[in-house]
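Visitor: predicted coordinates and the sequence they were generated for:
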Amino acid sequence: MTEIGKTLTTGEFSQLTGIAVPTITRMLRRDKIRGKKRSGKWIIYESELQNTAVVTQKDPGGISPGMDPIRDVPVASHKTYDVEAFALMTYLTEKGVRQWLKTGRLLGHPGADGIVRVDAANLDRPELQHLIRK
């Protein structure tokens, strides 16, 4: 059955909801919101603006403390790695780790010393298991 109604690009959906495009893409891949790929680009049904996952993401009050609602993992653990150490533990380069941090694909933050720290909880995420060097 096809959905009838207006469709939105990930960029348009992002502007309307305030949710970052990488997060929207992640939600689509995990079937948290409905959409389709057309010509290699995601389209999202306008009706998904009312989706519980979207409303929860927009409303920080509805998020479980300490948990990322999309990834279902702790937002921050106490153990962290610098970018170089994390790159050595995975098949990502240092540049790749920084890019993934920038786009939200990895959790991390600058430490008190100004050095960017990557959260160890990233290593437990199922979608990143194939990147871990064994």
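Guide: Okay, I see it.
Visitor: walk me through the domains of the chain.
Guide: 7-68, 73-131 (automatic domain parsing).
Visitor: tell me the confidence at residue 42?
Guide: pLDDT, residue 42: 91.
Visitor: so how far is residue 26 from it?
Guide: 11 Å (C-beta to C-beta, to the nearest Å). For every residue, glycine as well, the C-beta is placed using N, CA and C.
Visitor: which residues touch residue 118?
Guide: 80-83, 86, 97, 101, 106-108 (C-beta atoms under 8 Å, 6 or more residues apart in numbering).
Visitor: of those, which belong to helices?
Guide: Among these, the members found in helices (DSSP state H) are 83, 86, 97, 101.
Visitor: so how many other residues sit close to the last one?
Guide: Same thing as residue 101. Using other C-beta atoms under 10 Å, the number of residues around residue 101 comes to 20.
Visitor: list the contacts for it?
Guide: Neighbours of residue 101 in contact, by C-beta under 8 Å, 6+ apart: 83, 108, 116, 118.
Visitor: again with the second one
Guide: Under the criterion of C-beta under 8 Å, 6+ apart, the neighbours of residue 86 are 92, 97, 106, 118, 122.
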